[in-house]
Structure formats: C-alpha cells, structure tokens
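Colleague: Fold the stuff below for me.
(one chain, ligands or ions: 1)
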Amino acid sequence: MILPSFELHRPSSLAEAIDLVRGFEARGESYDFLSGGTDLLANYKCKINVKRHVVSLRHLPELLGISRDSIGAGELLWRIAESQEIHESFPALAKAAEWVASPLIRESATIGGNLLQDTRCYHYNQTYWWRVAHESCLKAEADVCRVVPGEKTCVATYCGDLAPVLLCMGASVRLVGPDGSRDVPLSAFYIDEGIQRFVKKPSEILSEVRIPTEARRRKVAYRKLRLRQSIDFPDAGIAFAAELSGSRIVNCWIASTAVGSAALLHPDVAQKAMGRDLGEPLAGELAAALVASARPYRNTFFAPGYRKEMLGVLLRRAMAEVGGFEPAPSQSAAG
Ligand SMILES: Cc1cc2nc3c(=O)[nH]c(=O)nc-3n(C[C@H](O)[C@H](O)[C@H](O)COP(=O)(O)OP(=O)(O)OC[C@H]3O[C@@H](n4cnc5c(N)ncnc54)[C@H](O)[C@@H]3O)c2cc1C
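Modeller: I've put the predicted structure just below:
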C-alpha cells in the first residue's frame, strides 16, 4: 500500500509546532500530528482521514524524559518497558508497554501516540477499496454504522494497552496548544464515542503524562486478551490497582480497554471491594459484576460474548497478582 501525499513539517521545538498549528487553523487547512506513525501512517495507507499537513513531533526535546513523576509523550514504548525507574516504581506500566504490538513497533511507537491512537473497527480498518465495496461506515466515507444498524454514534473500539494502567495510577495528561496548556486527569479525558474519542482539541499537543505520588502506594496489575501474543492489539484488557492494609482493601480501581470506544474506570464495581479482604471469593464477585456491566460489540476479532466473559477472567488474574493468591482455573488465551 502506498502512502498518499501530504506535506511533512518537522519543527524543532514545541513552540515552533504550535506556531505551525496556529497558521493552519488561521488558513483553515487540515493537519495531523505524527509521533511514531505506527497508527497514523497505517491508517493513511488505507486512505483513512488523510490530512493535507502532517506535523512531526519526533525529537521535540520538550516531549522527552522519563521519571517517576512524568513521562514525556514522545518517549518510545521500548524505553518505558526497559526503564529501571518505571520497572521499580510501576512494574505494571512497564509490562503494558512491553505487551504492545511487537519489538519493531515498540522501537517507533510513543506513549503519546498510544494514548491517542484511533479507535478500531472491522468495518473501518480496511483498505479503501474494501470499504468502498462494502459501502463504508459512518467513521469513514458513509453515514451508516455497519456494526449496529440505525446507530448514529460510532462504536469503534479503543484498543490501547497503557491507558487502563495509567487510569488505575491516577495519571493525568498535559495538553499544550495555541491557547496555552492544561492538565486533564485521564479519568476525564476519554469519551466513549468512536469518532470524538477524547476531550483534547485538534490543535492541542499531548506533551507529558503526569503521575501523582499516590500512584507509588498502589499495587497494580494488567492482563490482556489477544489473538497472537507476539503482536496483536488487545481484544480486551483489564487493569486492577489496590491500596492495601495487610490483605484488606483500603481503596481500589478497575479499568478496562478494548471493550468500548474508550478506556474506562469502573467505580461501581471497584466500590464493592472497599474494606474487604483481597482473595478469590471477592475476585469472583467483582468479576461477575464486571461481566454483567460490559457491552462489547461485534467489531474486533473475538466474538463479543467471549470478550465479555474474558473480562472476568482477566480481572481475577489481575487481582490474584496484586493479592498474591491463586486465581480460579480457566481455559483461555488471555495473557
Ligand atoms: C500491527 C500492530 C499492532 C499493534 N498492537 C498494539 C497493541 O498491542 N497495543 C496497543 O496499545 N497498540 C497497538 N498498536 C497501535 C500503535 O502501534 C500503538 O498504539 C503506538 O503506541 C502508537 O504510537 P505512535 O507514536 O506510533 O502514534 P502515531 O501513529 O504517530 O499517532 C497516533 C495518533 O496520535 C496522534 N498523536 C501522536 N502523538 C501525539 C501527541 N504527542 N500529541 C497529539 N497528538 C498525537 C496522531 O496524530 C495520531 O492520531 C499496534 C499497531 C500495529 C500496526
């Protein structure tokens, strides 16, 4: 597949990138940001939402740096997976980064691009000619949803691995644009709609992921279901975090990915765990509640019924890792 033509801009500072955006906005010209390009350019090759200008954020010094408090949006996933500081303080985040795609993709892919990757759907992530032959969908060239006929909003699935872990850590993102900068908690960042996706304005650049000190007190685990362990996107993913007093849960968080158009916290399910002992009986109870609340669509590889059931399995395994107990046995392809 051949990349369609666009004008590539390579600013050398964040201020220069924002100046470029100011100009495009004033002239009404379309543009995209480019980090590793592992998501954006794959979509461009399928002629999905191609823009006239592409602003490369690669090598912007303001988007680099890894510490326990902050990760620059331009940091590569392999560097996060192998960072000693991240390993020691947030092992689940290192693991989620290590589980993204394949080693080659992690050499280009950034944490910013991971959080902002496009939503995915069987009817959308196809070549242009496939889409035309199947009359396309409302996220691309048509105005009809092929997954839920009659649906007027997009149900494409968000499939990022890092967002659920960062949600459980209480992280926020720093957005910088022509109107200044602002910090948005990740819990208020995503919108459960496949086209709109998040509250970031098109002109804003994600510069940094900020990690609160409370995250260091939380024990976090992440589990992911995917077809091929060597490369695939999650077809379901669950992060679980707890603050413990002995085996008693003082506070806990559950977040999912790849079962809706956003990565989401599940406070109603997590609430049931407050003050309880972290063990298999509680894990079974929370897993049943989570499965009952989930509504995945038929738009990724595995059937929605299977993905729904697997959410429970993944949660039990994540809770078992945090609590140090044996999860109930199950037959599955989950990681
Ligand atoms: C075969 C394959 C397997 C994959 N498997 C996984 C997987 O298992 N798990 C997973 O999570 N992802 C997976 N991905 C998706 C993708 O590779 C990753 O999410 C990656 O981290 C995206 O980062 P990037 O830097 O390449 O983003 P890009 O492609 O450069 O950008 C993605 C989007 O974010 C925007 N963007 C990027 N950075 C910024 C910024 N700083 N500010 C504002 N906007 C920005 C771009 O405009 C674009 O819309 C896979 C991709 C492929 C091709």
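Colleague: give me the number of residues near the residue of the stretch 201-335 of the chain found nearest the ligand?
Modeller: Residue nearest to the ligand within the stretch 201-335 of the chain (C-beta to the nearest ligand atom): Leu206, separated by 3.8 Å. Placement of C-beta: from N, CA and C, glycine included. Counted with other C-beta atoms under 10 Å, residues neighbouring Leu206 total 26.
Colleague: ok, it touching Leu116?
Modeller: Yes: if you go by C-beta atoms under 8 Å, Leu206 and Leu116 touch, sitting 6.2 Å apart.
Colleague: so what's the residue of the stretch 201-335 of the chain closest to the ligand scoring on pLDDT?
Modeller: Leu206 carries a pLDDT value of 98.
Colleague: go on, the one 10 residues further on?
Modeller: At Arg216, the model reports a pLDDT of 97.
Colleague: what residues does the helix or strand bottoming out on mean pLDDT in the chain touch?
Modeller: When each helix and strand of the chain is scored by mean pLDDT, DSSP states H and E, helix 128-133 comes last, with a mean of 91. Outside helix 128-133, the residues that touch it by C-beta atoms under 8 Å, 6 or more residues apart in numbering are 46-47, 123-124, 137, 140-141.
Colleague: follow-up on the earlier one: you'd agree the residue of the stretch 201-335 of the chain closest to the ligand is in a strand?
Modeller: Yes: Leu206: assigned to a strand according to DSSP: H, G, I helix; E, B strand; the rest coil.
Colleague: Mind telling me what element whichever residue of the chain sits closest to the ligand is part of?
Modeller: Residue nearest to the ligand within the chain: Gly113 (2.0 Å; C-beta to the nearest ligand atom). Taking DSSP states H and E as the definition, one finds Gly113 inside helix 111-116.
Colleague: Now that helix: average pLDDT?
Modeller: On average, helix 111-116 scores 98.
Colleague: What of stretch 175-188?
Modeller: Per-residue scores along stretch 175-188 average to 98.
Colleague: List the buried residues in the least confident helix or strand of the chain.
Modeller: Across helix 128-133, burial judged by 16 or more other C-beta atoms under 10 Å covers 128, 131.
Colleague: check contacts around the residue of the stretch 201-335 of the chain closest to the ligand.
Modeller: Applying C-beta under 8 Å, 6+ apart, the residues contacting Leu206 are 73, 112, 115-116, 173-175, 200.
Colleague: ok, of these, which come out buried?
Modeller: Going by neighbour count (16+ other C-beta under 10 Å), these have 73, 112, 115-116, 173-175, 200 buried.
Colleague: Show me which residues of the chain sit near the ligand.
Modeller: 32-40, 42, 57, 73, 77, 100-101, 105, 108-110, 112-114, 116-118, 159-161, 205-206, 231-234 (C-beta under 6 Å from any ligand atom).
Colleague: So which of these belong to helices?
Modeller: Per DSSP state H, helices hold the following members of these: 40, 42, 77, 105, 112-114, 116.
Colleague: If any of those are buried, give me the PyMOL selection for them.
Modeller: To isolate the buried members of these in PyMOL, using 16+ other C-beta under 10 Å:
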select buried, resi 40+77+105+112+113+114+116
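Colleague: thinking again about what came up before, elements contacting the helix holding Gly113?
Modeller: helix 77-82, helix 162-168, strand 205-210 (3 or more C-beta pairs under 8 Å, 6 or more residues apart in numbering; DSSP states H and E).
Colleague: Please consider this matter closed, and thank you.
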